[in-house]
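Trainee: what follows is a protein structure lacking sequence information:
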């Protein structure tokens, strides 16, 4: 009985993926330190940079487990970011409501994507690619150039930390807590079930469309949290900040065990992968790649990684 | 015993095909019914209509005289109607325990209580005497284990009306006995109504009290199994068709005597990794060689290798020329054609009959040439006539054909290029008796200028058409039967024993 419980939890933890993802993260961090020992001084701020990507990756993961995909996480983050900053700059919203706006925008975006995919049965790739353009367009209407500042207290939070604890640590703790809560909740079980075999889920009396709607809503909430951290880090509203993150978020979820066909994927492994990918950007910078070529190099490495992962999984 | 369930006028069509027509009957509680009928009789459709997987075009379902509204499996479950499906309804990426308790897992504030699900699952598995680790992922289970979980998943819901759709397919003799015991126990304890579907007629007589016989989507009748014998049931299933597909054996024999003595296809020492261990066969022109044996003894792999689907080692000589087949393209170029019993592997469901038949012709004409519609039509209509494919017209989608006709389309594509070698890999697996007989006739008629290798899991299918039978056991040919020795009992005995001694 005890043994079986242990075995089942082990099954839930997805140790193999967790291991490979951790190796990926550590190897990039270590090579970063070797190339540029100065990284150690900045390690806290790089970790902080990894938090928004981690949330985006987690958002992507919950949708991927149900067998769908979200191409709009980057643009959605941007919209939450610029709307909140707009509200502060033009309407003076600066108390807790500043935080709330991020979350509400994220939630609403997730709900819209969810209705599109879950209820109207629009293909998620096409649907979210289209909404991605909508969010981007709206962001540019709200703020047509990067603008600041943000509320003083919120800005200080990211400098001084909360009760002396740096926001990077807080971010990691929230991430882990969110995943652990999710992992032992039956809704994640249904995400997996729906992604792995929608027919069997339907037979078991699960409302497949509703589960997908829920996955997208949760995804939106995570995007909102990601935007919150992003706003704090850049201390401004930037209508072009999010776009490149979509690809990285998908890649992080894939390294974290997710499949485009759904049914699998681990949150902690995904978080590790997101941290690894953030350090990779820093590594590219440390290697002295010129600024305008960094995206090219980064995307190239991302593509190569994807190819390697797909190849290795195919071999199995 | 009192009437518990009543169905009134259940009907369902798929396009032009009436899968189930005006099905009405009543079922009593605490009774085991058999649901029998040939392929395409409407058994699985009935199960899916009652369990809410499919929506009936019309018809009503009553429980104790009260009409039920069943729009989804969820509604059916609420009313105690559950099924173990033939094609399984398991989630491969979840552990066994989560599959068993899917959507009924005990939770606290929507959190899964691991302790509770384990104790509940364990207790249930012990009661059924099942020994499958609860933490194993379903994707890693063997087919028989999956079958057991599919059944257990239905039983754990404590159904009042339980459908078991071909539950014994993957089970061993011993596991079947176990299942029958459980069925009887469930019936006695919970007064549940059980509907048991099986193509093994002897099983039906063993556990069921009454048999609901379907034919071509219609109810033939309900028979008290204590009062009828196997032949009567089979007769009801088959309708007014001659006895079996046992065809004119003497014709075959005569033709066999006329055979040329030179082998057309000669295979020497063929090996396929782990599966085929040195098979040597010579096939003469016009000869049909039957491959028999238990399932999984390398027969399929042998045929698939010859069609280039699996890598092999060994020599293949076709009409005095050694050929090496590394892909289906190679095989087709040499005039080697393969038809399996897995229809979905062979047909393009969403394309027309015409396109399905003529696709190979187009390939052979060269990809750079435009499609010649007249030529396509000519080939297709010729094959439709030859194989007696029942369809509205050439442009009907294969999706809308019955299983038997789909299989004929598959075979038609193989035959349209007039191949030299025909490899048949259990081609009648999913075909009803009437179509079986027709296909066997066609194979025999067309064999005169070909070398045919015909594997069947059912010896009865082989006997009327083959010149000789080779029995496979663990990747080797262990015995050959011809002439007077071509008897089902002898071949079956050799298949099970496996050795020549």
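Mentor: Looks like it arrived, so ask away. All values derive from a computational prediction rather than experimental measurement.

Trainee: all contacts plus neighbour counts: C-alpha atoms, from now on.
Mentor: OK.

Trainee: what residues does the stretch 101-250 of chain A put near chain B?
Mentor: Neighbours of chain B within the stretch 101-250 of chain A, by Cα under 8 Å from any Cα of the partner chain: A:184-187, A:192-193, A:196-197, A:199-206.

Trainee: strand partners (parallel or antiparallel) of the helix or strand hosting residue B:23?
Mentor: For residue B:23, the element it lies in under DSSP states H and E is strand B:17-28. According to DSSP bridges, strand B:17-28 has the following sheet partners: strand B:3-14 (antiparallel).

Trainee: mean confidence (pLDDT) on the strand it pairs with, please.
Mentor: Strand B:3-14 shows a mean pLDDT of 88.

Trainee: stretch B:60-80 now?
Mentor: 90.

Trainee: so is it next to chain A?
Mentor: Yes - Stretch B:60-80 reaches chain A (Cα under 8 Å from any Cα) through B:72, B:73, B:74, B:75, B:77.

Trainee: end to end on that stretch, go ahead and measure it.
Mentor: End-to-end distance of stretch B:60-80 (Cα to Cα, to the nearest Å): 16 Å.

Trainee: flag every buried residue along that stretch.
Mentor: B:60-61, B:63, B:70-77, B:79-80 (16 or more other Cα atoms under 10 Å in any protein chain shown).

Trainee: chain center to it, what's the gap?
Mentor: Distance of stretch B:60-80 from its chain centroid, counting by Cα atoms, centre = their mean, to the nearest Å, is 30 Å.

Trainee: contact partners of it?
Mentor: A:202-206, B:3-10, B:50-55, B:82, B:157-161 (Cα atoms under 8 Å, 6 or more residues apart in numbering or on different chains).

Trainee: test my guess that residue A:129 contacts residue A:69.
Mentor: No - applying Cα atoms under 8 Å, one finds residue A:129 not in contact with residue A:69, separated by 9.7 Å.

Trainee: higher neighbour count, those two?
Mentor: Using other Cα atoms under 10 Å in any protein chain shown as the criterion, residue A:129 and residue A:69 rank with residue A:69 on top: 26 against 17.

Trainee: tell me which helix or strand the more buried one sits in.
Mentor: With DSSP H and E as the test, residue A:69 turns up in no helix or strand.

Trainee: tell me the phi and psi of it?
Mentor: Main-chain torsions, residue A:69, degrees, to the nearest 10: phi -140, psi 150.

Trainee: any idea how far it is from residue B:162?
Mentor: Residue A:69 sits 37 Å away from residue B:162, taking Cα to Cα as the criterion.

Trainee: residue B:350 too?
Mentor: Following Cα to Cα, the distance that separates residue B:350 from residue B:162 is 34 Å.

Trainee: can you get me a residue count around residue B:491?
Mentor: A count of nearby residues for residue B:491, using other Cα under 10 Å, gives 21.

Trainee: nearest to residue B:324 among the residues of stretch B:60-80 next to chain A?
Mentor: Of all those, residue B:324 sits closest to residue B:73, with 51.7 Å by Cα to Cα.

Trainee: tell me the SS of the residue of the stretch 201-316 of chain A found nearest chain B?
Mentor: Residue nearest to chain B within the stretch 201-316 of chain A (Cα to the nearest Cα): residue A:205, separated by 4.0 Å. When classified by DSSP: H, G, I helix; E, B strand; the rest coil, residue A:205 comes out as coil.

Trainee: burial count for residue 181?
Mentor: All of this is about chain A. Considering only other Cα under 10 Å, residue A:181 is surrounded by 12 other residues.

Trainee: hmm, I had chain B in mind actually
Mentor: 14.

Trainee: so it, which of the three states?
Mentor: helix.

Trainee: spell out which parts of the stretch 51-200 of chain B neighbour chain A.
Mentor: B:53, B:72-75, B:77, B:88-95, B:102-103, B:107, B:110-112, B:114-115, B:118-119, B:134-135.

Trainee: so residue B:350 and residue B:162 - more neighbours on which side?
Mentor: Between residue B:350 and residue B:162, counting by other Cα under 10 Å, residue B:162 is the more crowded of the two (26 against 12).

Trainee: the helix or strand hosting the more buried one: partners in the sheet, and parallel or antiparallel?
Mentor: Residue B:162 belongs to strand B:161-165 when assigned by DSSP H and E. Strand B:161-165 pairs in its sheet with strand B:81-84 (parallel), strand B:193-197 (parallel), by DSSP bridges.

Trainee: okay, those, which one's buried deepest?
Mentor: Each of the strands paired with strand B:161-165 was assessed for mean neighbour count using mean count of other Cα atoms under 10 Å in any protein chain shown. The highest is strand B:81-84, with a mean of 27.

Trainee: for that strand, what is the distance to the chain centroid?
Mentor: Its chain's average C-alpha position is 21 Å from that of strand B:81-84, according to Cα atoms, centre = their mean.

Trainee: show residues contacting that strand.
Mentor: Against strand B:81-84 from outside (Cα under 8 Å, 6+ apart): B:47, B:50-51, B:76, B:150-151, B:153-154, B:157, B:159-165, B:167.

Trainee: restricted to buried residues, select these in PyMOL.
Mentor: Selecting only the buried entries of the contacts of strand B:81-84 in PyMOL, with 16+ other Cα under 10 Å as the criterion:
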select buried, chain B and resi 47+50+51+76+150+151+153+154+157+159+160+161+162+163+164+165+167
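
Trainee: kindly check the end-to-end length of stretch B:327-345 for me.
Mentor: Terminal residues of stretch B:327-345 are spaced 16 Å apart (Cα to Cα).

Trainee: please identify the buried residues of that stretch?
Mentor: Buried residues in stretch B:327-345, counted by 16+ other Cα under 10 Å: B:328-329, B:331-332, B:334-343.

Trainee: which other residues reach that stretch?
Mentor: So stretch B:327-345 is contacted by B:303-304, B:306-309, B:325, B:346, B:403, B:406-407, B:410-411, B:414-415, B:417-430 (Cα under 8 Å, 6+ apart).

Trainee: let's go with 7 Å and repeat that
Mentor: B:307-309, B:325, B:406-407, B:410-411, B:414, B:419-430 (Cα atoms under 7 Å, 6 or more residues apart in numbering or on different chains).

Trainee: need the helices for the stretch 151-300 of chain A, in chain order.
Mentor: All helices of the stretch 151-300 of chain A, identified by DSSP state H, counting those that start in this stretch, fall at A:152-160, A:167-183, A:186-196, A:198-203, A:208-234, A:245-255, A:267-286, A:291-315.

Trainee: run through who's touching the last one.
Mentor: Read it as helix A:291-315. With Cα under 7 Å, 6+ apart as the criterion, helix A:291-315 contacts A:251, A:281, A:284.

Trainee: again, 10 Å this time
Mentor: A:244, A:247-248, A:250-252, A:254-255, A:257, A:259, A:277, A:280-285, A:288-290 (Cα atoms under 10 Å, 6 or more residues apart in numbering or on different chains).

Trainee: for PyMOL, what selects the buried ones among those residues?
Mentor: A single PyMOL command is used to select the members of these judged buried by 16+ other Cα under 10 Å:
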select buried, chain A and resi 247+248+250+251+252+254+255+257+259+277+280+281+282+283+284+285
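
Trainee: mean pLDDT per element in chain B, and the minimum belongs to which helix or strand?
Mentor: Scoring the helices and strands of chain B by mean pLDDT, DSSP states H and E places helix B:249-257 at the bottom, with a mean of 47.

Trainee: now the helix or strand that that one is followed by, how far from the centre of its chain.
Mentor: Moving toward the C-terminus from helix B:249-257, the next helix or strand (DSSP H and E) is strand B:263-272. Mean-position distance between strand B:263-272 and its chain equals 29 Å (Cα atoms, centre = their mean).

Trainee: in its sheet, what does strand B:263-272 sit against?
Mentor: strand B:276-284 (antiparallel), strand B:313-318 (antiparallel).

Trainee: relative to chain B, how far out is residue A:110?
Mentor: Computed as Cα to the nearest Cα, to the nearest Å, the residue A:110 to chain B distance reads 22 Å.

Trainee: tally of neighbours for that residue?
Mentor: So residue A:110, with other Cα under 10 Å, has 29 neighbours.

Trainee: and stretch B:494-501, what's its mean pLDDT?
Mentor: pLDDT averaged over stretch B:494-501 gives 60.
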